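**Q** Below are the sequence and a predicted model; questions follow.
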Amino acid sequence: MTVREQHAPPGFLRLAGHPLRWRLLTELARSDRQVRELTGLLEQPQSLVSYHLGQLRAGGLVSARRSSADRRDAYYRIDLARCGELLTEAGQALHPGLALIPAPAARVRARTRVLFLCTGNSARSQMAEALLRQLAGDAIEAASAGSHPKPLHPDAVRVMREHGIDISGQRPKHLDTLAGQRFGYVISLCDRVREVCPEFPGHPQAIHWSIADPSGEPDGYPAFGRVAAELRARVGFLLARIAGG
C-alpha cells in the first residue's frame, strides 16, 4: 500500500460523500424506490442516477431486486446495517475515541399506528405486525391487511415461534376493512399491493419495502427465516425513525 493510499479517506466517506450519492442514500433510507422515482425526486437524468446507483451497489451500500409487479423493473434498497458498520469504521480510522457508542433502544414518545400491507396478508405483513408489536410494546398500534387475503401460512407461524411470537390466532384481513382509518405510517411489503394501495386519511407516511413472498421461493422454509430476519432489522430501523420524529 502506498503512502497516498494509507492516508486516503475511508471508502465509505468517498462513496457516500458525493452529493448526488448522498441524496440517493437519503431517499432510499426512507423507502425502497424504482429508478424512475429516484430520477424524479432528484430531478436528474436517468443515466446519471443509474450510474451512481451502480457505484453504491458496487460499494455494498445498496442492492436491487426485480419487481414482482413488473419484472422489467427493479426496486433499490439501502443496507442500513452495513452503512452503520462502515460509518463506525470510518470514525475509528480518524481516532479511536470516535468509536460510535451503540444508540439506546429507540423510545417512541407519542402513540402512533402502523399498517403493513401485502397481497395475501398470510406471511410478510403478519410477520411485520407481530415483530413491531414485540419490539415496540404498547407505544405503537400495529395492524396488517392484504389486497387478496388468504389463510395464514403455517411456515409464517413456525418462524415467528422461533422469534418467541405466537401468531397462530391472527386472521387475514382485506385492506378495504381498514379504509377510512387513520395511520401514521402505511408500509407496503409487496410490489403488487403498492400498485393498488388506497389513500388513507390524514396523509400517513407511505413507505415501501420490496420483499419477496417467501411462499413463492424455491427453498421453502429457509425463505421464511430470511424474510423474518430482514423484517426484524427493518422494523428496528423503523422504530428509530418514529422515535426521532
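**A** Yes, it's here.

**Q** CA atoms only: put the top helix by length along the chain into CSV for me.
**A** The helix that spans the most residues within the chain, counting by DSSP state H, is helix 221-243. Extracted C-alpha coordinates of helix 221-243, given in CSV (Å, rounded to 0.1, in the frame of the first residue of the first chain):
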residue,chain,number,x,y,z
TYR,A,221,-39.0,-22.7,4.9
PRO,A,222,-35.5,-21.1,4.9
ALA,A,223,-37.0,-18.3,2.8
PHE,A,224,-39.3,-17.5,5.8
GLY,A,225,-36.3,-17.3,8.0
ARG,A,226,-34.6,-14.8,5.7
VAL,A,227,-37.7,-12.7,5.4
ALA,A,228,-38.2,-12.7,9.2
ALA,A,229,-34.6,-11.6,9.7
GLU,A,230,-34.9,-8.8,7.2
LEU,A,231,-38.2,-7.6,8.7
ARG,A,232,-36.8,-7.6,12.2
ALA,A,233,-33.9,-5.4,11.0
ARG,A,234,-36.2,-3.1,9.1
VAL,A,235,-38.7,-2.8,11.9
GLY,A,236,-35.8,-1.9,14.3
PHE,A,237,-34.8,1.0,12.0
LEU,A,238,-38.4,2.0,11.6
LEU,A,239,-38.7,2.4,15.3
ALA,A,240,-35.7,4.6,15.4
ARG,A,241,-37.2,6.7,12.7
ILE,A,242,-40.5,7.0,14.5
ALA,A,243,-38.8,7.8,17.8
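
**Q** What residues sit buried inside it?
**A** By 16 or more other C-beta atoms under 10 Å, the buried positions in helix 221-243 come out as 223-225, 227-228, 230-232, 234-236, 238-239, 242-243. Using the backbone N, CA and C atoms, a C-beta is placed for each residue, glycine as well.

**Q** mind giving me the domain split of this protein?
**A** In terms of domains, the chain is parsed into 3-98, 112-243 (source: automatic domain parsing).

**Q** With mean pLDDT added, can I get these in JSON lines?
**A** Formatted as JSON lines, the domains of the chain follow (pLDDT from 0 to 100):
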{"stretch": "domain 3-98", "mean pLDDT": "91"}
{"stretch": "domain 112-243", "mean pLDDT": "94"}
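
**Q** Tell me which of these is the most buried.
**A** domain 112-243 (a mean of 19; mean count of other C-beta atoms under 10 Å).

**Q** can you pull out the strands in this structure?
**A** Assignment of strands within the chain using DSSP state E yields the ranges 62-66, 74-78, 112-118, 140-146, 185-188, 205-208.

**Q** so where do the helices sit in the chain?
**A** So, for the chain - with DSSP H - the helices run 3-6, 11-16, 19-30, 35-42, 46-58, 80-94, 124-136, 154-162, 191-196, 221-243.

**Q** okay, the strands of the chain in CSV with distance to His153 next?
**A** Shown next, in CSV, are the strands of the chain (distance: least, C-beta to C-beta, whole Å):
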stretch, distance to His153
strand 62-66, 20
strand 74-78, 23
strand 112-118, 11
strand 140-146, 12
strand 185-188, 18
strand 205-208, 22
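
**Q** Tell me which of those strands lies nearest to Leu42.
**A** Of all those, strand 74-78 sits nearest to Leu42, with 12.5 Å by C-beta to C-beta.

**Q** name the helices or strands packed onto the closest one?
**A** On a contact count with 3 or more C-beta pairs under 8 Å, 6 or more residues apart in numbering; DSSP states H and E, strand 74-78 meets helix 19-30, helix 35-42, strand 62-66.
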